[in-house]
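Enquirer: What shape does this take:
(one chain, ligands or ions: 1)
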Amino acid sequence: MMKAIVLSHYGKTDSLSLVEKAIPQPKEGEVLVKVHATSVNDFDWQIMCGKPFITRLVSGILKPNIDVLGTEIAGTVESVGPGVSSFAVGDRVFGDVSDAGFGGFAEYASVSQTALHNMPDLMTFQQAVSLPHASLLAWQGLVDLGNIKQGESVLINGAGGGVGVFALHIAKEFGCEVTGVDHALKLDFMKGLGFDHVIDYQKTDFTAEATRYDLILDVKTQHFPTRYLNVLNEGGRHITCGGNTSSMIQIALLGHLIGKVTGKRLSVIMLQPNQGLEHINKMFESGTLKTHIDGPFSFEDIPREMARFGRGEHIGKIVINVV
Ligand SMILES: NC(=O)c1ccc[n+]([C@@H]2O[C@H](COP(=O)([O-])OP(=O)(O)OC[C@H]3O[C@@H](n4cnc5c(N)ncnc54)[C@H](OP(=O)(O)O)[C@@H]3O)[C@@H](O)[C@H]2O)c1
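Expert: Prediction:
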């Protein structure tokens with residue numbers, strides 16, 4: 001048997017309870033991981049709440065079909081199912097398991113081998129579990145979709161959060177001048193990390209300013225698409241990771257057309273879990289990408305830490321020690 005935090009219905013953190021459950025058995029192509037650390041992510045929060053409603057297209061309309069949340073795991077391979085050749089018992093592995101049924105809020109998770117990577121030698125479980133989701137949103141947004149180029153001017157909106165901080169490290173690898181927008185309370189922290197310019201979103205709407213950028217990575221898209229054109233240079237790109245649902249739908253529907261007419265590109269990123277993790281591992285090993293951990297906390301603290309995440313009180317990634 002194993003300990004697990006189980007989600008019984010959509011709601012607040014009282015929908016989460018600590019139970020004893022049977023340890024899952026790895027099926028064909030699956031790896032059973034003894035979970036040493038997990039983290040709290042917006043996916044976990046949104047599925048727990050069942051909001052925005054669009055989330056329920058994945059997690060079930062009336063009640064959740066995912067009983068153990070936990071988007072990211074880091075741990076050791078306990079056993080492997082038939083057909084698994086890439087991993088062996090005892091390997092240290094990590095990954096974003098949101099495409100593999102979630103399951104990090106438990107002592108063991110059985111997930112597809114395609115959701116796992118080997119951990120670099122010098123990486124701790126706590127560091128590992130803070131990386132795949134947020135760092136790859138930043139990587140895929142800036143590099144794969146944003147086509148970032150050496151020396152460009154980059155703005156990150158929502159820059160003091162999980163994605164924004166990794167985005168800074170990546171943009172700096174490309175020698176870019178980086179502006180970060182976030183709450184006044186985070187601006188000193190952001191300057192200390194290396195942002196060249198910072199903007200308080202409560203005082204200044206960057207879309208109404210004269211400064212233009214080559215590339216904007218936006219985790220808090222709020223406006224109608226055309227507002228972003230004003231602050232993009234010729235050939236500029238605005239990549240949205242998240243924000244309010246109506247702005248994101250407008251960009252998804254109109255972005256392509258706007259791009260054809262203006263030569264500027266507005267796109268919405270769809271995260272491809274774990275794709276590009278080898279680049280993140282390289283940057284971690286060379287010391288150019290650093291993790292920012294809030295915690296680690298104990299397994300029983302998961303409901304409390306989910307609530308703190310929901311109130312936006314975390315700085316960096318909330319990490320939970322599991323076993
Ligand atoms: N596209 C995909 O496939 C995909 C997949 C997973 C997640 N996501 C999205 O990716 C994002 C995750 O970002 P994250 O982990 O970095 O979130 P986070 O850690 O919560 O950081 C967001 C930051 O933005 C700040 N902020 C709030 N309102 C703002 C505003 N109006 N203008 C500028 N900054 C503002 C927040 O500060 P305060 O709230 O403290 O003021 C916080 O520092 C979410 O939007 C999520 O929905 C997208």
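Enquirer: is any part of stretch 227-237 close to the ligand?
Expert: No - figure legend: stretch 227-237 not in contact with the ligand (C-beta under 6 Å from any ligand atom); closest approach 13.0 Å. (Each C-beta comes from the backbone N, C-alpha and C, glycine too.)
Enquirer: Convert that stretch to PDB, retaining C-alpha atoms only.
Expert: In PDB, the C-alpha atoms belonging to stretch 227-237 read as follows (Å, rounded to 0.1, in the frame of the first residue of the first chain):
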ATOM      1  CA  ARG A 227      -3.100  45.900 -28.500                       C
ATOM      2  CA  TYR A 228       0.000  43.800 -28.600                       C
ATOM      3  CA  LEU A 229       0.900  44.900 -32.200                       C
ATOM      4  CA  ASN A 230       1.600  48.500 -30.900                       C
ATOM      5  CA  VAL A 231       4.500  47.300 -28.900                       C
ATOM      6  CA  LEU A 232       6.100  44.800 -31.400                       C
ATOM      7  CA  ASN A 233       8.900  45.800 -33.700                       C
ATOM      8  CA  GLU A 234       8.700  44.900 -37.400                       C
ATOM      9  CA  GLY A 235       8.600  41.100 -37.600                       C
ATOM     10  CA  GLY A 236       7.900  40.900 -33.800                       C
ATOM     11  CA  ARG A 237       6.300  38.000 -32.100                       C
END
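Enquirer: That one: which residues count as buried?
Expert: By neighbour count with 16 or more other C-beta atoms under 10 Å, stretch 227-237 contains the buried residues R227, Y228, L229, V231, L232, G236, R237.
Enquirer: just stretch 311-323 next, same as before
Expert: Buried residues in stretch 311-323, counting neighbours by 16+ other C-beta under 10 Å, are found at H314, I315, G316, K317, I318, V319, I320, N321, V322.
Enquirer: Which ones among the buried residues of stretch 227-237 lie within helices?
Expert: Among those, the members found in helices (DSSP state H) are R227, Y228, L229.
Enquirer: Dump these to CSV, plus pLDDT and distance to L116.
Expert: Output for those, formatted as CSV (pLDDT from 0 to 100; distance: C-beta to C-beta, whole Å):
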residue, pLDDT, distance to L116
R227, 94, 41
Y228, 95, 37
L229, 94, 41
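Enquirer: What about Q275, how many residues nearby?
Expert: Here the count is done by other C-beta atoms under 10 Å, and Q275 has 14 residues near it.
Enquirer: And the one 4 residues further on, by the same measure?
Expert: Residues contacting H279 under the criterion other C-beta under 10 Å number 17.
Enquirer: pretty sure it contacts Q140?
Expert: No - between H279 and Q140 there is no contact under C-beta atoms under 8 Å: 10.1 Å.
Enquirer: residues in contact with the closest residue to the ligand within the stretch 1-150 of the chain?
Expert: As assessed by C-beta to the nearest ligand atom, the ligand sits closest to D42 within the stretch 1-150 of the chain, at 4.4 Å. Contacts for D42 were tallied using C-beta atoms under 8 Å, 6 or more residues apart in numbering; they are G242, F309.
Enquirer: Got phi/psi on it?
Expert: phi -60, psi -30 (degrees, to the nearest 10).
Enquirer: Now do the same for it: its pLDDT.
Expert: D42 is assigned 92 on the pLDDT scale.
Enquirer: related to what we said a few turns ago, kindly reformat the buried residues of stretch 311-323 as JSON lines containing pLDDT, distance to E152 and secondary structure.
Expert: Output for these, formatted as JSON lines (pLDDT from 0 to 100; distance: C-beta to C-beta, whole Å; DSSP: H, G, I helix; E, B strand; the rest coil):
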{"residue": "H314", "pLDDT": "87", "distance to E152": "30", "secondary structure": "coil"}
{"residue": "I315", "pLDDT": "80", "distance to E152": "27", "secondary structure": "coil"}
{"residue": "G316", "pLDDT": "83", "distance to E152": "26", "secondary structure": "coil"}
{"residue": "K317", "pLDDT": "92", "distance to E152": "27", "secondary structure": "strand"}
{"residue": "I318", "pLDDT": "95", "distance to E152": "32", "secondary structure": "strand"}
{"residue": "V319", "pLDDT": "97", "distance to E152": "32", "secondary structure": "strand"}
{"residue": "I320", "pLDDT": "98", "distance to E152": "37", "secondary structure": "strand"}
{"residue": "N321", "pLDDT": "98", "distance to E152": "39", "secondary structure": "strand"}
{"residue": "V322", "pLDDT": "98", "distance to E152": "40", "secondary structure": "coil"}
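Enquirer: Closest residue of the stretch 201-323 of the chain to the ligand?
Expert: Closest point on the stretch 201-323 of the chain to the ligand, by C-beta to the nearest ligand atom, is G242, at 1.9 Å.
Enquirer: Please state the backbone phi and psi of that residue?
Expert: Main-chain torsions, G242, degrees, to the nearest 10: phi -160, psi 180.
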